[in-house]
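A.B. asks: No sequence on hand, only this structure:
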């Protein structure tokens, strides 16, 4: 059985046969709660026409082989293919007859993934109205930041407070701006993007430095700054002055890469999970020799904020 034949097996049928349910069908797209992580709102989509999947939460997607690889990260490619061959035979999964006529180029796949992410984002933003952006002062947001052991004065320096309406209801959240004039909006109960999704670039010294640090989310950046300011010899922060970049989601790595070309050293403080490791490898591939994986400094924790929460 060839790899191309295995790729042609319907992802939708495979998921149904493996007890992931039938999902929520919207035209040619079927939405599920992601099998790759815990979530309550479905953000994992399968396109039944192109036979591809995309996970909005991780910014990753691909074919059936890619999906089984991510579900079983410890498996070799030989084990993945052997498992799928067995599944195809035992569950009598069918190949798509016109598969060879519909093989997509890698760039076309990437464009589809980007398009689905933009569509998902635009649908939410269409129903969102920003009522006010102000300095960060709300006592409930302040308490949430302090619960995360973040220095509130540092948070006030780099974050704002947003009040917005969504589907007729009003909300407020911590706002962290990005380079596309969008924002990450976060409070104790929710996390979302308002406006265009993109990276954030922070230049604490107001002029570019020779080194930079990269974080997955803005709470990790604030945790780093809190450690640097409050806890000498913390074992995590680097000595040198750095610029800071926040991905606001691992799917933004491609947006980040052009920003890194002027640096002598790139310190990657991403999460200790599959998505974080994949993003770190992608940065290292683009900038070999100057990219440093710093996640070993908090290897017993998922991310920097988790490390700070446990730090005495």
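C.D. replies: On my side now, so go ahead. Fair warning: this is a prediction, and the values are worked out from it, not measured in the lab.
A.B. asks: Could I get the full set of helices for this structure?
C.D. replies: Using DSSP state H, the helices of the chain run over 3-7, 11-17, 64-71, 77-90, 106-126, 139-147, 152-158, 218-230, 253-256, 274-286, 304-310.
A.B. asks: would you turn the ones you listed into a markdown table with distance to residue 168 and mean pLDDT?
C.D. replies: Using the backbone N, CA and C atoms, a C-beta is placed for each residue, glycine as well. Formatted as a markdown table, those follow (distance: least, CB to CB, whole Å; pLDDT from 0 to 100):
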| stretch | distance to residue 168 | mean pLDDT |
| --- | --- | --- |
| helix 3-7 | 44 | 85 |
| helix 11-17 | 34 | 91 |
| helix 64-71 | 37 | 94 |
| helix 77-90 | 46 | 91 |
| helix 106-126 | 13 | 62 |
| helix 139-147 | 21 | 96 |
| helix 152-158 | 29 | 96 |
| helix 218-230 | 28 | 95 |
| helix 253-256 | 33 | 94 |
| helix 274-286 | 34 | 91 |
| helix 304-310 | 33 | 91 |
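A.B. asks: Tell me which of those sits most buried.
C.D. replies: Most buried of these by mean neighbour count (mean count of other CB atoms under 10 Å) is helix 218-230; its value is a mean of 23.
A.B. asks: now what about that helix, what contacts it?
C.D. replies: If you take CB atoms under 8 Å, 6 or more residues apart in numbering as the criterion, helix 218-230 is touched by 145, 148-151, 154-155, 158-159, 176, 184, 186, 200, 202, 213, 215, 234, 236-237, 244, 246, 248, 269, 271, 303-305, 307-308, 311.
A.B. asks: Serialize the helices of the chain to a markdown table and add fields for distance to residue 167.
C.D. replies: Listed next are these as a markdown table, based on distance: least, CB to CB, whole Å:
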| stretch | distance to residue 167 |
| --- | --- |
| helix 3-7 | 39 |
| helix 11-17 | 29 |
| helix 64-71 | 32 |
| helix 77-90 | 41 |
| helix 106-126 | 10 |
| helix 139-147 | 21 |
| helix 152-158 | 28 |
| helix 218-230 | 25 |
| helix 253-256 | 29 |
| helix 274-286 | 29 |
| helix 304-310 | 30 |
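A.B. asks: Please identify which of those is closest to residue 194.
C.D. replies: Closest approach to residue 194 among the helices of the chain (CB to CB): helix 106-126, 6.6 Å.
A.B. asks: pLDDT wise, what is residue 57 at?
C.D. replies: Looking at residue 57, its pLDDT reads 85.
A.B. asks: ok, residue 241 - how many residues close by?
C.D. replies: 10 (other CB atoms under 10 Å).
A.B. asks: which ones are touching it?
C.D. replies: So residue 241 contacts 204, 205, 209, 211 (CB under 8 Å, 6+ apart).
A.B. asks: hmm, try it at 6 Å
C.D. replies: By CB atoms under 6 Å, 6 or more residues apart in numbering, the contact set of residue 241 is residue 209.
A.B. asks: and the gap between it and residue 1?
C.D. replies: In this view, residue 241 and residue 1 are 56 Å apart by CB to CB, to the nearest Å.
A.B. asks: now swap in residue 256 and tell me
C.D. replies: Distance from residue 256 to residue 1, by CB to CB: 39 Å.
A.B. asks: now do residue 158
C.D. replies: Look at residue 158 and residue 1: by CB to CB, they are 53 Å apart.
A.B. asks: before we move on, what about residue 308?
C.D. replies: Using CB to CB, residue 308 is found at 49 Å from residue 1.
A.B. asks: and if you look at residue 300?
C.D. replies: With CB to CB as the criterion, residue 300 and residue 1 are 42 Å apart.
A.B. asks: Compare those two and say which is more crowded by neighbours.
C.D. replies: Ranked by neighbour count (other CB under 10 Å), residue 300 and residue 1 place residue 1 first, with 11 against 8.
A.B. asks: Neighbours of residue 72, how many?
C.D. replies: 12.
A.B. asks: now residue 203
C.D. replies: 12.
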